[in-house]
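K.L.:
Requesting a structural model of the entry that follows:
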Amino acid sequence: MNTQNCLAVMGFTWLEIRRARLWRLALALVLIGCVVAEFAASIAITESAQYRLVMYAASMRLVAVFVMALLVTTSVLREIDDQVVELILARPISRSEWYIGKLLGYVAAALGFAVLVSLPLIIQTPIQGSAWCYSLFLELIIVSAAALAFAITLRRLTVALSVVAGFYLLARAIAGLVLISRGPTVDGSLTSSRFIASVIDMLAYVLPDLDRFTNAAWLVDTAPSVTDLGLLTLQTTIYTAFLVALGLFDLFRRNF
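P.N.:
Prediction:
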C-alpha cells in the first residue's frame with residue numbers, strides 16, 4: 001500500500017469536506033445547542049449548571065453522530081454516482097488505498113467536529129470536557145467507518161442511513177438488552193427465552209458497546225480514568241478494523 005496515494009485521497013476528501021461548509025454547520029449547531037441547554041437550565045429547579053452541561057452534551061452527541069453519518073454517506077454515494085471513483089481507480093491507485101484515504105479524511109473531519117462541539121464543555125470543565133471530547137471522537141470514528149462501509153455495500157442513501165442509524169441505536173442499547181434478557185422477570189426455563197438471550201449475547205459480541213462512550217455523567221461527576229479511555233480506544237480500533245474489512249470485501253468484489 002502506497003502511503004502517498006492514501007494521503008492524496010485524504011487531502012481531496014478533506015477539501016471536499018471544507019467545501020461542504022461543515023465548519024459553519026458545526027458552529028451553528030454549537031450555538032443552537034447552547035441556546036437549548038440554557039433554556040433547559042433556566043426551567044430547572046435545582047442544579048441548573050449540571051443540567052445545562054448534561055443537556056448540551058446529550059443533544060450534541062446525537063447531532064454529531066447524525067451529521068457525520070450524513071456527511072460520509074452523501075460524499076461516498078455522490079462520488080460513486082458521478083463515476084469519480086471509477087476515474088480515480090483508473091489511475092495507479094488501488095482500491096484499498098482509496099478506501100483507507102477516504103476513511104482518514106473522515107477521521108480528520110471527525111476530530112475537528114468533535115473539538116468544535118466540545119469547546120463549551122472544555123471551557124467549563126477542562127478535564128471532564130477533554131475526556132468527553134476524546135470519547136466523542138472515538139465514537140465518530142466508528143460511525144464514520146460504519147457509514148463508509150454501508151454506503152459502499154448498499155449504494156442507496158436512504159437505506160445506508162437507515163442501516164447506520166439501526167447499527168448505532170442497537171450498539172447504544174445492547175448493554176441494556178443483555179441485562180433485560182437475563183433479568184429476574186424472564187423465565188429462563190423457556191426455550192424461547194434462552195434463544196432470545198443467546199441471540200442478544202451474540203449481538204453483544206459483534207457490536208461495539210457504545211453505551212460506555214461519551215457519557216454525559218462524566219461532566220458532573222469524576223472523569224473517566226486513563227484505563228477506561230484506553231479500553232474505549234482498543235474497542236474503537238477493533239471495530240473500526242472490522243468495518244474496514246467489511247467495506248473492503250464488498251469494494252473488491254464490485255465492478256465500477
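K.L.:
remind me which residues of the stretch 101-250 of the chain are low pLDDT?
P.N.:
Residues of the stretch 101-250 of the chain that meet the criterion pLDDT under 70 lie in 183, 185-189.
K.L.:
mind listing the strands in it by residue range?
P.N.:
Read by DSSP state E, counting those that start in this stretch, the stretch 101-250 of the chain holds no strands at all.
K.L.:
In this structure S135 contacts D211, no?
P.N.:
No - contact criterion CB atoms under 8 Å: S135 and D211 do not qualify, at 11.7 Å. Backbone N, C-alpha and C define where each C-beta goes, glycine included.
K.L.:
Looking at these two, which is more packed in?
P.N.:
With neighbours defined as other CB atoms under 10 Å, S135 and D211 compare such that S135 has more, 25 against 13.
K.L.:
That one and R172, how far apart?
P.N.:
13 Å (CB to CB, to the nearest Å).
K.L.:
same deal with R212?
P.N.:
To R172, R212 is 10 Å away according to CB to CB.
K.L.:
do the same with A145
P.N.:
According to CB to CB, A145 stands 16 Å off from R172.
K.L.:
Compare those two and say which is more crowded by neighbours.
P.N.:
Between A145 and R172, counting by other CB under 10 Å, A145 is the more crowded of the two (24 against 20).
K.L.:
Now do stretch 222-239: everything it contacts.
P.N.:
Stretch 222-239 has contacts (CB atoms under 8 Å, 6 or more residues apart in numbering) with 127-128, 131, 134-135, 138-139, 141-142, 145, 208-209, 212-213, 215, 218.
K.L.:
same thing but at 6 Å, please
P.N.:
With CB atoms under 6 Å, 6 or more residues apart in numbering as the test, stretch 222-239 has contacts from I127, Q128, A131, S135, L138, I141, I142, P208, W218.
K.L.:
Same check on stretch 240-256?
P.N.:
Contact partners of stretch 240-256, identified using CB under 6 Å, 6+ apart, comprise V85, E86, R95, S96, Y99, I141, A145, A146, L148, A149, I152, T153.
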